[in-house]
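*Asks:* here are the coordinates; sequence isn't available:
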């Protein structure tokens, strides 16, 4: 919970548009590195990319519902 | 680059666009140094510091002159944003926000200079490639986003402590029963912040630059045949319209980069996440 009285969390709404896409990209990137590390492509790339998509959707949903929650 | 242009079907137009989107660089692969981005961004930084220092030196307490008034209004604007978005106080935040806003704006502003002007002047001095807008070079926005990321990491560790920061990784967002998923999810979330910050600025400026190039190509195709000159009035109108609209875009992008930096650092600076 953001207990501060700032407008900051509300301004996060600016980034909602790119939040979803960048979460997917970040997931893929992270998965790509883990795959390179463990030598298991494309398992983690797909898994983390999927998690990024789900996480992004969740984050955007929560942000739009209540910007103060983040 | 030249091989790709020769092999493609677009001929002159593709070559023109590719030529304008190629940096003056040394080195290859990961160790590529884009000389033009580095030099132009440093020059703009020097311009910002010199003009700022001069205004500060000549500042009067009485009725400010036109330019001092303008600078003071920017300062007040940034200060209000920092007060609104950053909880508590930190001496680094406001100067950094101002630097980001003005510096990014200046780098974006290079986009409004006619696309062929500076590369043409550079070609007289034997410089083959010149990409004048540093923010259309992915390395520049990503480098700035990386600095913001490192700063937010520093604030996180300083304010929450190592334990608090790790706790955020372990128990957020699904609670204590899904710790492995939480770690991955929080890592993705943290990585997404600088990514979106850098990619947004880069994407907007790159697209803007590309539209300028396409508009320039309208009558620029007159080199292929004089008949293309009938497009010249259209080019002037389109260029002017896009120029006016782009003033808003560059200001908005500089503002968004600044505000999100403050918000991310503010989030890192609060203990009750």
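*Replies:* Cool, the structure landed. Model, not experiment: these values are computed from the prediction.
*Asks:* setting aside sequence neighbours, what's the nearest residue to residue A:45?
*Replies:* Nearest non-adjacent residue to residue A:45, counting by Cβ to Cβ, 6 or more residues apart in numbering or on different chains: residue A:31, 3.8 Å away. For glycine as for every other residue, the C-beta is placed from the backbone atoms N, C-alpha and C.
*Asks:* center of the chain - which residue?
*Replies:* Because you didn't say which chain, this covers chain A. residue A:23 (3.5 Å; Cα atoms, centre = their mean).
*Asks:* helix, strand, or coil at that residue?
*Replies:* Under DSSP: H, G, I helix; E, B strand; the rest coil, residue A:23 falls in the helix class.
*Asks:* so what's the residue count around the spatially closest residue to it that is not a sequence neighbour?
*Replies:* Leaving aside its sequence neighbours, residue A:23 sits nearest to residue A:56 (Cβ to Cβ, 6+ apart; 3.2 Å). By the criterion of other Cβ atoms under 10 Å in any protein chain shown, residue A:56 has 22 neighbours.
*Asks:* surely the residue nearest to residue A:45 is in contact with residue A:40?
*Replies:* No: using Cβ atoms under 8 Å, residue A:31 is not in contact with residue A:40, being 9.7 Å away.
*Asks:* nearest residue to residue 58 in space, please, no chain neighbours.
*Replies:* This is for chain A. Closest residue to residue A:58 apart from its sequence neighbours, by Cβ to Cβ, 6+ apart: residue B:173 at 7.2 Å.
*Asks:* other chain: chain B
*Replies:* Leaving aside its chain neighbours, residue B:58 sits nearest to residue B:68 (7.3 Å; criterion: Cβ to Cβ, 6+ apart).
*Asks:* doesn't residue B:55 make contact with that neighbour?
*Replies:* Yes: at 5.8 Å, residue B:68 and residue B:55 qualify as touching, with contact defined as Cβ under 8 Å.
*Asks:* before we move on, back to that, how about the residue nearest to residue B:58, what does it touch?
*Replies:* B:55, B:58, B:59, B:60 (Cβ atoms under 8 Å, 6 or more residues apart in numbering or on different chains).
*Asks:* quick one: which helix or strand includes it?
*Replies:* helix B:66-85 (DSSP states H and E).
*Asks:* coming back round to it: separation between the residue nearest to residue A:45 and residue B:187?
*Replies:* For residue A:31, the distance to residue B:187 equals 11 Å [Cβ to Cβ, to the nearest Å].
*Asks:* of these two, give the one with the bigger neighbour count.
*Replies:* Between residue A:31 and residue B:187, residue A:31 has the larger neighbour count (other Cβ under 10 Å), namely 25 against 17.
*Asks:* check contacts around that one.
*Replies:* A:42, A:44, A:45, A:46, A:47, A:48, A:49.
*Asks:* for the second one, what are phi and psi?
*Replies:* When quoted as degrees, to the nearest 10, the phi and psi of residue A:44 stand at phi -70, psi -30.
*Asks:* count of residues packed around it?
*Replies:* Residue A:44 has 22 nearby residues by other Cβ under 10 Å.
*Asks:* isn't it right up against residue A:36?
*Replies:* No: assessed by Cβ under 8 Å, residue A:44 is found out of contact with residue A:36, at 9.4 Å.
*Asks:* ok, of the contacts of residue B:68, which one's closest to chain A?
*Replies:* Relative to chain A, the closest of the contacts of residue B:68 is residue B:55; by Cβ to the nearest Cβ it sits at 28.3 Å.
*Asks:* pLDDT weak spots in chain A?
*Replies:* Residue ranges of chain A with pLDDT under 70: A:1-9, A:67-70.
*Asks:* packing partners of the host helix or strand of residue B:188?
*Replies:* Element membership of residue B:188 [criterion: DSSP H and E] is helix B:179-220. Contacts defined by 3 or more Cβ pairs under 8 Å, 6 or more residues apart in numbering or on different chains; DSSP states H and E place helix B:179-220 against helix A:16-38, helix A:43-65, helix B:12-20, helix B:139-155, helix B:161-171, helix B:232-269.
*Asks:* next, format these as a markdown table and append distance to residue B:215.
*Replies:* Shown next, in a markdown table, are these (distance: least, Cβ to Cβ, whole Å):
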| stretch | distance to residue B:215 |
| --- | --- |
| helix A:16-38 | 25 |
| helix A:43-65 | 34 |
| helix B:12-20 | 12 |
| helix B:139-155 | 23 |
| helix B:161-171 | 47 |
| helix B:232-269 | 5 |
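*Asks:* can you give me the buried ones in stretch B:24-42?
*Replies:* B:24, B:25, B:34, B:35, B:36, B:37, B:38, B:40, B:41 (16 or more other Cβ atoms under 10 Å in any protein chain shown).
*Asks:* is it anywhere near chain A?
*Replies:* No: Stretch B:24-42 lies apart from chain A when judged by Cβ under 8 Å from any Cβ of the partner chain; the minimum separation is 14.6 Å.
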